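>>> Fold the following, please.
(one chain, ligands or ions: 2)
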Amino acid sequence: MNILQTDIKFVPGVGPKKAEILNKELDIFTLGDLLRYYPYRYVDRSRLYYAHEIDGAMPYIQLKGKITAFETFGEGRKKRLVAHFTDGTGFVDLVWFQGLKFVESKYRTNTEYIVFGKPALFGKKYNIPHPDIDACLSEDDRPEGLFAFYNTTEKMKSHFLNSKAMQKIIGNAFAILKEQMPESLSPDIVAALHLMPLHDAIENIHFPKNPILLRNAEYRLKFEELFFIQLNILRYSADKKSKLNGLVFKKVGLYLNTFYEKHIPFELTNAQKRVIREIRQDTASGKQMNRLLQGDVGSGKTLVALMTMLIALDNGFQSCLMAPTEILATQHFQTFSEWLSDMGVSVALLTGSTKKAERERIHDALQSGDLQILIGTHALIEDTVQFHNLGFVVIDEQHRFGVEQRARLWTKNERPPHVLVMTATPIPRTLAMTVYGDLDLSVIDELPPGRKAIQTLRRYEKKRGALFDFLRKEIQRGRQVYIVYPLIEESEKIDLQNLEEGYRQISAAFPEFAVVKMHGRMKPAEKDEVMQKFIANEAQIMVSTTVIEVGVNVPNASVMVIESAQRFGLSQLHQLRGRVGRGAEQSYCVLITPYELSADTRRRMEIMTESNDGFFIAEADLKLRGPGDLEGTQQSGIPFSLKIADIVRDSDILYRAREVASEVIEKDLRLEQPAHLVLKQQLSRLSGNRYEWGRIG
Ligand code: ADP
Ligand code: MG
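Ligands and ions are numbered 1, 2, ... in the order given. Below you'll find the model as predicted:
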């Protein structure tokens, strides 16, 4: 057995009880897992500070000196122990709130110690709460270099597994390892990139001798992490491509030409033309297309989808479009029906609320091939939906769908249809490479002409009067207004109350206008009715939750008011804002917040008022929140988590990893060469650990 597979309970200092906690809290089961539990930061312990140097902004420091006296203050739960400490240059208090007895019995006065901790200002005096205290070793024995810190949970701490204890057991793990940790990258890669060998990298990530070795260790481990993600994605997509013969759309025929010449009321943007060209090349190539189309809100992705469906139709194939919500599917259906009227194309809508008789009619027409384009929601995935010859699948607003669902649509034809995934959540390139690395990328980076940039304003909650005057003026000029309230599951009840309250308030403030409201709890038919009323401008104000977020298109609506804007993430704010600015009128987005905001939130609001650029906002979002929270990663169901690399900061390493991974795949798709065996093993080890690598797609 591989020594790295050793159960952690056998690591000295762990034992069954702590092992259980490490299993539960950190997913650490084996010696190997433990060694891969990386520190989150380091402190230089080679330098001694003087007490008179201390100021409040210092990180962790160490001092050498003596405790002059112990003193306890307070009673019961408020009790604290203070040790007065001096190094001859000044005084600090060492303070404990727990384990007082133990501390008092362990340390003596007038004995030289090394004290380590983070100084804090209390009253006018500096103190160090819960410091680490070591006997004062001779110069030679003192720990060299950088000292690692580990994230721990409350549960761990209550079982004596704090950062220092983690460091200790990781040290013990190293001691029982004896031999070198086996390399996980092939020797040619290690050599070509001058990477630190795995064993040294792991040692230096935990016990760095100096900053240069630490940096090399970090580079090595980050590279490895990103490399295997890329290797897997590339292997998977190359494999898929080599296996899957795509349907060939050779012809450009009557449908597309007629539509292009007679039915589009405007000129395509250059970006739209370019993307359609890219898709035409793909679909004629004989390989199956898997393409991600990114385009900011309002950039005209729907039209692109429609035109590619006509190419499929010209070649005798059916198409379908899957949207994340019923509202959106309905709207697409209406747009398509309108654009395709007089062209003799049959289009149908299938959603959860389609009546049984209609549903059966659709099923039959699909199977006979009479129905050419089907638009719908998740309902399209159901097994009862069978096509005659499905050639082209469009998935709108990708982030609402899981990977599984994407894959299930492919199986609806004997040979997999071409797939176009459209998203208005611009994904930074580095993230796209990591999450959607198997998809080819097209970008619409240009808005249709004549659009005025949306003006984004911030207003405080207390100043509604001026806002209402502004809204009234806009409505009198013929415009319509959205007012959006946050709604999250955890506080759903209160959120819905806020929405109702807001609705009442708005209705009372604007008696001369029709106000409608909408939220996710309403029945689809009700939502639809409300939506239709708003589209027809029978209602001038819509008060709603984020159900209107995705894709809804009412060009006459020019004002978006977002209540409690501080509760939304950047990407979501940008999505909401994209509901306006779709017509020729000047549009506005008003962000309503309280006065008091955290620094992060303030920054989010600033970014919104400064920029309309979805890509810029997505990058900023990634920086502020980290990829874990980013819309599109969590919801896409793609299982990747990074332990050490950061796809924003480490983009250079990511590109390098991608390069090296594609060289490997080009040479040896199945990883059969002896030198690549180690890569294959590592990949399968990674897939054993909760990743389902093989099924990404
Ligand atoms: P999104 O990319 O957000 O899905 P849509 O496809 O809904 O955007 O398009 C937004 C609006 O822009 C629609 O009303 C659409 O008819 C219009 N539109 C699309 N392409 C053009 C174009 N080339 N010129 C003018 N308007 C366009
Ligand atoms: Mg859209």
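
>>> okay, CA-based contacts and neighbour counts for the rest of this
Noted.

>>> And the strands in the stretch 101-250 of the chain, which stretches?
112-117, 120-122, 125-129, 132-135, 146-149 (DSSP state E, counting those that start in this stretch).

>>> Need the ones you listed in CSV (columns: mean neighbour count).
Supplementary listing: these in CSV, determined by neighbours: other C-alpha atoms under 10 Å:
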stretch, mean neighbour count
strand 112-117, 20
strand 120-122, 14
strand 125-129, 19
strand 132-135, 14
strand 146-149, 20
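
>>> Could you export these as JSON lines, including distance to R567?
Output for these, formatted as JSON lines (distance: least, C-alpha to C-alpha, whole Å):
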{"stretch": "strand 112-117", "distance to R567": "35"}
{"stretch": "strand 120-122", "distance to R567": "32"}
{"stretch": "strand 125-129", "distance to R567": "34"}
{"stretch": "strand 132-135", "distance to R567": "39"}
{"stretch": "strand 146-149", "distance to R567": "32"}
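
>>> residues of the strand or helix carrying A69 that come out buried?
Assigned by DSSP states H and E, A69 belongs to strand 61-73. Neighbour counts over strand 61-73 (16 or more other C-alpha atoms under 10 Å) mark I61, Q62, L63, K64, G65, K66, I67, F70 as buried.

>>> Let me know the closest of the residues you listed to M289.
Nearest to M289 among the buried residues of strand 61-73: I61, at 57.1 Å, using C-alpha to C-alpha.

>>> The closest one against I114, yeah?
No. If you go by C-alpha atoms under 8 Å, I61 and I114 don't touch, sitting 10.2 Å apart.

>>> got CSV for the buried residues of strand 61-73, with pLDDT too?
Output for those, formatted as CSV (pLDDT from 0 to 100):
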residue, pLDDT
I61, 84
Q62, 87
L63, 90
K64, 91
G65, 93
K66, 94
I67, 95
F70, 94
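
>>> any chance of those residues in JSON lines, with distance to ligand 1 too?
Shown next, in JSON lines, are the buried residues of strand 61-73 (distance: C-alpha to the nearest ligand atom, whole Å):
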{"residue": "I61", "distance to ligand 1": "53"}
{"residue": "Q62", "distance to ligand 1": "56"}
{"residue": "L63", "distance to ligand 1": "60"}
{"residue": "K64", "distance to ligand 1": "63"}
{"residue": "G65", "distance to ligand 1": "66"}
{"residue": "K66", "distance to ligand 1": "68"}
{"residue": "I67", "distance to ligand 1": "67"}
{"residue": "F70", "distance to ligand 1": "68"}
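
>>> Buried residues, the strand or helix carrying T283. List them.
Using DSSP H and E, T283 falls within helix 270-284. For helix 270-284, a neighbour-count test (16+ other C-alpha under 10 Å) marks A271, Q272, V275, I276, I279, R280, D282, T283, A284 as buried.

>>> Could you do stretch 663-678 as well?
For stretch 663-678, by 16+ other C-alpha under 10 Å, it's V664, I665, L669, L671, H676, L677, V678.

>>> Which of the helices or strands spans the third one?
I take that to be L669. L669 belongs to no helix or strand when elements are defined using DSSP H and E.

>>> what do you get for the last one?
Element membership for V678 (DSSP H and E) is helix 677-688.

>>> Average the pLDDT values over that helix and round to the nearest integer.
Mean pLDDT, helix 677-688: 83.

>>> Run through the stretch 51-200 of the chain and note the low-pLDDT ranges.
Along the stretch 51-200 of the chain, segments meeting pLDDT under 70 span 56-57, 137-144.

>>> What residue in it comes nearest to ligand 1?
Distance from ligand 1 to each residue of the stretch 51-200 of the chain (C-alpha to the nearest ligand atom) is smallest for N151, at 41.4 Å.

>>> Could you do the stretch 351-500 of the chain as well?
Across the stretch 351-500 of the chain, no residue is closer to ligand 1 than P448, which sits at 4.3 Å (C-alpha to the nearest ligand atom).

>>> burial of the residue of the stretch 51-200 of the chain closest to ligand 1, as a residue count?
Under the neighbour criterion other C-alpha atoms under 10 Å, N151 is assigned a count of 14.

>>> do the same with R521
Residues near R521, counting by other C-alpha under 10 Å, number 10.

>>> got it, and the one 3 residues further on?
Other residues near P524 come to 16 when the count uses other C-alpha under 10 Å.

>>> OK, contacts around it?
Residues near P524 by C-alpha atoms under 8 Å, 6 or more residues apart in numbering: E326, I327, S353.

>>> What is the lowest-pLDDT residue among these?
I327 (83).

>>> Verify the stated contact: that one with D528.
Yes. Using C-alpha under 8 Å, I327 is in contact with D528, at 6.6 Å.

>>> Please say which of these two ends up with more neighbours.
More crowded of I327 and D528, by other C-alpha under 10 Å: I327, with 24 against 17.

>>> and that one, what does it touch?
Taking C-alpha under 8 Å, 6+ apart as the definition, contacts of I327 comprise P524, K527, D528, M531, V552.

>>> swap the cut-off to 7 Å and go again
Shown in contact with I327 (C-alpha atoms under 7 Å, 6 or more residues apart in numbering): D528.

>>> and it, what element?
For I327, the host element (DSSP H and E) is helix 326-339.

>>> Please list the residues of the chain that sit near ligand 1.
Neighbours of ligand 1 within the chain, by C-alpha under 6 Å from any ligand atom: 266-269, 295, 297-303, 448, 551, 553, 582.

>>> one more time with 5 Å, if that's ok
Neighbours of ligand 1 within the chain, by C-alpha under 5 Å from any ligand atom: L268, T269, V297, G298, S299, G300, K301, T302, P448.

>>> which pair in the residues you listed spans the largest distance?
Distances among the residues of the chain next to ligand 1 were taken as C-alpha to C-alpha; the most separated pair is L268 and V297, at 16.1 Å.

>>> And those two? Which one has more around it.
Neighbours were counted for L268 and for V297 using other C-alpha under 10 Å; V297 has more, 27 against 16.

>>> okay, now the residue lying closest to I279 once chain neighbours are set aside: neighbour count?
In this structure, I279 finds its nearest non-sequential neighbour in T308, 7.4 Å apart by C-alpha to C-alpha, 6 or more residues apart in numbering. Close neighbours of T308, defined as other C-alpha under 10 Å, add up to 23.

>>> Reformat the buried residues of helix 270-284 into CSV and put pLDDT and distance to T86 next to each item.
Below are these laid out as CSV (pLDDT from 0 to 100; distance: C-alpha to C-alpha, whole Å):
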residue, pLDDT, distance to T86
A271, 95, 70
Q272, 96, 72
V275, 96, 71
I276, 94, 74
I279, 95, 73
R280, 93, 77
D282, 89, 74
T283, 93, 77
A284, 92, 79
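
>>> residue ranges with poor pLDDT in the stretch 501-650 of the chain?
In the stretch 501-650 of the chain (pLDDT under 70), the answer is 548-551, 625-641.
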